[in-house]
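Participant: One predicted model, sequence on top.
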Amino acid sequence: QVQLVESGGGLVQPGGSLRLSCAASKNIFSSRHMGWYRQAPGKQRELVARITTGGNKIYVEAVKGRFTISRDNDKNTVHLQMSSLKPDDTAVYYCNAFHPALADIWGQGTQVTVSS
């Protein structure tokens, strides 16, 4: 049973933009903080951005000013708008639904490749 469905990855040139989207079921979306993680080859998975149910946002330092996370409560969808992309942003990006008292829920991952 797929609970988080991601879309929007792909190949983009340095300096370009991409928007990732993650659709969730209503009961998951309304009760959990939503976030994006990424994992580059040979590296640990890291939190990129998170938006709480109340709309508060946090970002990893490396993406501040370039990435924007948002949530559409009508469509139960979280977006990650990525701009000024760099080769170091290349990774598999995973949608995450977090609740402090429950197990994390993960999406299947979407590849983002930044290359000329």
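Facilitator: That came through, no problem.
Participant: ok, now which ones touch residue 24?
Facilitator: 3-5, 32, 34, 76-78, 95, 97 (Cβ atoms under 8 Å, 6 or more residues apart in numbering). C-beta: built from backbone N, CA, C; applies to glycine.
Participant: what do you get if the cut-off is 10 Å, keeping everything else the same?
Facilitator: The neighbourhood of residue 24, defined by Cβ atoms under 10 Å, 6 or more residues apart in numbering, consists of 3-5, 30, 32, 34, 71, 75-78, 95, 97, 105, 107.
Participant: Report the separation between it and residue 104.
Facilitator: To residue 104, residue 24 is 13 Å away according to Cβ to Cβ, to the nearest Å.
Participant: what is in contact with the two at once?
Facilitator: Common neighbours of residue 24 and residue 104, using Cβ under 10 Å, 6+ apart, are 32, 97.
Participant: on that earlier part again, need the buried ones from the contacts of residue 24 selected in PyMOL.
Facilitator: Paste this into PyMOL to select the buried members of the contacts of residue 24, with burial taken from 16 or more other Cβ atoms under 10 Å:
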select buried, resi 4+32+34+71+76+77+78+95+97+105+107
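Participant: Filter the contacts of residue 24 down to just the ones in helices.
Facilitator: Counted as lying in helices by DSSP state H, out of the contacts of residue 24, are residue 30.
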